[in-house]
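J.: need a 3D model of the sequence below.
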Amino acid sequence: MAVIYPFRALRPPVEKVEQVASVPYDVVNTEEARALAADNPLSLLHVTRPEIDLPEGTNIYSDEVYARAGENFRKLIETCPLETEDAPSLYLYRLVMGGHEQIGVAACCAVDEYDQDLIRKHERTRPDKEDDRTRHMLELSAQTGVVFLTYRADRRIDALTSAIVASDPLYDFTAPDGIRHTVWRADAPDALVRAFGEVPLLYIADGHHRAASASRARAALRERNPEHTGEEEYNRFLTVIFPSDQMQILPYNRVVKDLHGMSAEDFLAAVETKFRVAVGSADVPARGEFGMYLRQRWYNLTPLDASAAQGDDPTTSLDVSVLQDQLLDPILGIKDVRTDKRIDFVGGIRGTSELEKLVNEGRAAVAFSLSPTTIEDLLRVSDAKGIMPPKSTWFEPKLRDGLLIHKI
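T.: Numbering: from 1, shown residues only. Presented below is the predicted three-dimensional model:
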């Protein structure tokens, strides 16, 4: 059963929350983070991407970067100032993006449950990214980034959250990207804790590296603490937990820099040995089909061998797997999308117009649009202890960092 814990959030005052709140550290590069935080000394990006306050070209994994993160964090606590709640609480976090709305519960979860796979995973993590966030947590003695969890929707929890959102919120603002963020405090959290105690499983939707880093940070802090009891805050990690029926996944599209030595005509002929090719459009393709943009023209691709996507492994039927197994690998020679520099990925929030732009400007030779992976796909793969192919899911809208921080 799912165990959640109230926590004493470190958070900004209402009048400064919009200045502190920032995009997650891993959705922007250094240059983008520097531009977003320019002229805003309260932006949490000074803490999560502290290299923006060091000379250009600084190695983002250098000792001075982590030292600056700690310095900037302590300065933010003092000058904002950030405030720590008097008592442990749960929170509700609502995201509104256009006509889409989702409401999650902000809570801490147990590192032990993550380690024991009671919180299901679907993604492999990279050691260098784990190293980075582990050092960051240890330097700050805090978790600033949120792990995005989901669970199979439960009407009892819906009823409890509906009652809370009828009250006045702590925060309510619209970020520069148009996403509205609203947070409420659940002052009497016991009912939510009990309701989640009847939820069979939690699943990581986004934030595998943050969760893995919380586990590694816990191991390091436990080693340093001869009086470790298991009740310390470092035994828990910060999450927001959304019901599965409110999750929104957008396509995660692909662009390839070259045609593997082929002319456009030869490449198209090779594609026709695996797919039925027809005139297409920039619309998001149907499940089981693909859009391909080549020579300023859209094509629709339908696999000739539908049985190739069948099998006991639920990952083989995913569109990202079919595209990889039937086109990217055998035709374009892309064996491992994690390491091959010839392929790049474009989140669906940027639309197919971004694919057209990259190809038209010559920065890519061909682009592929996909139907979005569904939340049920993710749950099935996680339940089978499987691994989703890289770049399978793009969740929108995204949480903002800095609204609720967990001190460890």
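J.: for the rest of this, base every contact and every neighbour count on C-alpha atoms.
T.: Will do.
J.: can you give me the helices in the stretch 51-200 of the chain?
T.: Assignment of helices within the stretch 51-200 of the chain using DSSP state H, counting those that start in this stretch yields the ranges 63-79, 111-115, 127-140, 155-165, 190-196.
J.: mind checking which of those is nearest V271?
T.: Closest approach to V271 among these is made by helix 127-140 (35.7 Å; C-alpha to C-alpha).
J.: who are the packing partners of that closest one?
T.: Packed against helix 127-140 by the contact rule (3 or more C-alpha pairs under 8 Å, 6 or more residues apart in numbering; DSSP states H and E) you find helix 63-79, helix 208-224.
J.: which of those helices sits most buried?
T.: Each of the helices and strands packed on helix 127-140 was given a mean neighbour count from mean count of other C-alpha atoms under 10 Å, and the largest, a mean of 21, is that of helix 208-224.
J.: note down every partner strand of the very next helix or strand once past that one and its orientation.
T.: The C-terminal neighbour of helix 208-224 among helices and strands, as given by DSSP states H and E, is strand 236-243. Paired strands of strand 236-243, with direction, are strand 100-110 (antiparallel), strand 147-151 (parallel) (DSSP bridges).
J.: and the angle for the longest one with helix 208-224?
T.: Here strand 100-110 runs at 20 degrees with respect to helix 208-224, directions being taken by axes from the mean of the first three to the mean of the last three C-alpha atoms, to 10 degrees.
J.: and the last one, by the same measure?
T.: Here strand 147-151 runs at 110 degrees with respect to helix 208-224, directions being taken by the same axes, to 10 degrees.
J.: pLDDT on strand 147-151, on average?
T.: Over the span of strand 147-151, the pLDDT mean works out to 97.
J.: same question for the longest one.
T.: Per-residue pLDDT values across strand 100-110 average out to 98.
J.: extract the CA atoms of that strand and return them as CSV.
T.: Output in CSV follows, covering the C-alpha atoms of strand 100-110 (Å, rounded to 0.1, in the frame of the first residue of the first chain):
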residue,chain,number,x,y,z
HIS,A,100,-6.6,20.9,-19.1
GLU,A,101,-6.6,20.7,-15.3
GLN,A,102,-4.9,18.3,-12.9
ILE,A,103,-4.7,18.2,-9.1
GLY,A,104,-2.1,16.3,-7.2
VAL,A,105,-1.1,15.8,-3.6
ALA,A,106,2.3,17.1,-2.5
ALA,A,107,3.8,14.8,0.1
CYS,A,108,6.9,12.9,1.0
CYS,A,109,7.4,9.2,0.1
ALA,A,110,9.7,6.7,1.6
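J.: tell me which residues in it are buried?
T.: Taking 16 or more other C-alpha atoms under 10 Å as the neighbour-count basis, strand 100-110 is seen to contain the buried residues Q102, I103, G104, V105, A106, A107, C108, C109, A110.
J.: can you list the residues that contact it?
T.: Here strand 100-110 makes contact (C-alpha atoms under 8 Å, 6 or more residues apart in numbering) with 3-7, 90-96, 161, 235-243, 246-247.
J.: drop anything exposed from these.
T.: Listed as buried from the contacts of strand 100-110 are 3-7, 90-96, 161, 235-243, 247; burial here means 16+ other C-alpha under 10 Å.
J.: re earlier: could the helices and strands packed on helix 127-140 be laid out in TSV, adding mean pLDDT and distance to E123?
T.: Converted to TSV, those look like this (pLDDT from 0 to 100; distance: least, C-alpha to C-alpha, whole Å):
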stretch	mean pLDDT	distance to E123
helix 63-79	98	26
helix 208-224	97	7
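J.: need these in CSV with distance to W394, can you?
T.: Rendered in CSV, the data for the helices and strands packed on helix 127-140 read as follows (distance: least, C-alpha to C-alpha, whole Å):
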stretch, distance to W394
helix 63-79, 28
helix 208-224, 14
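J.: before we move on, the earlier item: make TSV out of the helices of the stretch 51-200 of the chain and add distance to P55.
T.: Rendered in TSV, the data for those read as follows (distance: least, C-alpha to C-alpha, whole Å):
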stretch	distance to P55
helix 63-79	11
helix 111-115	36
helix 127-140	19
helix 155-165	45
helix 190-196	46
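J.: next up, the contacts around A35.
T.: Under the criterion of C-alpha under 8 Å, 6+ apart, A35 has no neighbours.
J.: confidence score at it?
T.: 97.
J.: that one: which element?
T.: Taking DSSP H and E as the criterion, the element that holds A35 is helix 30-37.
J.: ok, and what's touching the next helix or strand after that helix?
T.: The element immediately downstream of helix 30-37 (helix or strand, assigned by DSSP H and E) is helix 45-48. Counting by C-alpha under 8 Å, 6+ apart, the neighbours of helix 45-48 from elsewhere in the structure are 22-23, 25, 33, 37, 52-53, 68-70, 72-73, 144.
J.: go again with 6 Å.
T.: With C-alpha atoms under 6 Å, 6 or more residues apart in numbering as the contact definition, helix 45-48 has outside contacts at Y25, A69, N72, F73.
J.: which ones are touching the third one?
T.: When contacts are counted by C-alpha under 6 Å, 6+ apart, N72 is found next to V47.
J.: what's the separation between it and E78?
T.: In this view, N72 and E78 are 10 Å apart by C-alpha to C-alpha, to the nearest Å.
J.: please apply the same query to E272.
T.: Here the distance between E272 and E78 works out to 63 Å (C-alpha to C-alpha).
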